[in-house]
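Visitor: model this:
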Amino acid sequence: MANHALQRTYEILEGVTNDKITKTFQIFIITLIAINVLVVIIETEETVLDEYGYLFTPFEIFSIIIFTIEYAGRIIVSKLNPKYQNSKYPRIRVLFAPMMLVDLAAILPFFLPFVVTDVRFVRIIRLLRLFRLFKLARYSEPMQTLGVVFKAKAGDLAVAFFILFIVLIFASSLMFHAEHEAQPLVFSSIPAAMWWGIVTLTTIGYGDVYPITIPGKLIAAGVAVIGIAVYAIPTGIMASAFTEELRKKRQETRHCPHCGKEI
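Guide: Residues are numbered from 1 along each chain as shown. Okay, here's the model as predicted:
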């Protein structure tokens, strides 16, 4: 009986089955997470906080109870997870799983203020409640797909961002030498010029920092054009990988999971 209850708990928490109870649990958790994030945002409005703030504390306590039970439940049933069945200490290994760390970050902000009394630190901790938004990754297939894409293309993205970093340093260095004498306060150093470099390469162009000399304007024009091409590399990698992953998922759904024949 105990083993059956444990198995059933595992199925509900991990969404192994597609029955009514599992769906209801997932909808409940997703709704609770969404309301939690909404509350964190609303709390920054002082007028709303003064008028309805007394409702937020009971809701926070209720949410923490649910999230803590969910977190503890996942640890208890971890030995039933195929990923950890051959592990000597499955419950220890599951604690360091990425999504379990997200779950931990979702409940810690409630308990840490009892240990830390610094007001500034408490405010930062309360802001960390936004980590609850990442809990949606468990229940959102698009977010899971995005995670798979990031993992699969991590090497390609690292190379792309390394190229971007090299271009940023080169552009900022050129602009520093071109504009330092004309604008010593704005382009005081290469690190200071990097703000201009980032804004220009990403084609945002805030206009708070800009060149006034002819060499500086020529460099800025070239960097702006290069930025369009260079910053499109990571976007292209992610777009193609995401499309490929979606195509694989569609192909998998067209085949029987047991015999492999096309449905």
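Visitor: C-alpha from now on. contacts and neighbour counts both.
Guide: Noted.
Visitor: quickly find the element holding the nearest residue to Thr17 once chain neighbours are set aside.
Guide: Nearest residue to Thr17 in three dimensions, chain neighbours excluded: Glu11, at 5.9 Å (C-alpha to C-alpha, 6 or more residues apart in numbering). Element membership of Glu11, judged by DSSP states H and E, is helix 2-14.
Visitor: centre of the chain to that helix, how far?
Guide: Relative to the centre of its chain, helix 2-14 is centred 29 Å away, using C-alpha atoms, centre = their mean, to the nearest Å.
Visitor: thinking again about what came up before, now do the residue nearest to Thr17 against Ala5, distance only.
Guide: The gap separating Glu11 from Ala5 is 10 Å, by C-alpha to C-alpha, to the nearest Å.
Visitor: Lys83 in helix, strand or coil?
Guide: At Lys83 the chain is in coil, as set by DSSP: H, G, I helix; E, B strand; the rest coil.
Visitor: repeat that for the one 5 residues further on.
Guide: Each residue gets one of three states, and Lys88 gets coil by three-state DSSP.
Visitor: what's the answer for the one 4 residues further on, then?
Guide: Assigned by three-state DSSP, the conformation of Ile92 is helix.
Visitor: and it, what's its pLDDT?
Guide: We have a pLDDT of 81 for Ile92.
Visitor: how close does it sit to Ile198?
Guide: Per C-alpha to C-alpha, Ile92 is found 42 Å from Ile198.
Visitor: neighbour-wise, which of the two wins?
Guide: Just comparing Ile92 and Ile198: by other C-alpha atoms under 10 Å the higher neighbour count belongs to Ile198, 20 against 13.
Visitor: other SSEs contacting the helix or strand that one falls within?
Guide: Taking DSSP H and E as the criterion, Ile198 maps to helix 190-201. In terms of contacts (3 or more C-alpha pairs under 8 Å, 6 or more residues apart in numbering; DSSP states H and E), helix 190-201 is packed against helix 154-179, helix 214-230.
Visitor: could you export these as JSON lines, including mean pLDDT, mean neighbour count and distance to Ile42?
Guide: Below are the helices and strands packed on helix 190-201 laid out as JSON lines (pLDDT from 0 to 100; neighbours: other C-alpha atoms under 10 Å; distance: least, C-alpha to C-alpha, whole Å):
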{"stretch": "helix 154-179", "mean pLDDT": "91", "mean neighbour count": "17", "distance to Ile42": "36"}
{"stretch": "helix 214-230", "mean pLDDT": "90", "mean neighbour count": "16", "distance to Ile42": "37"}
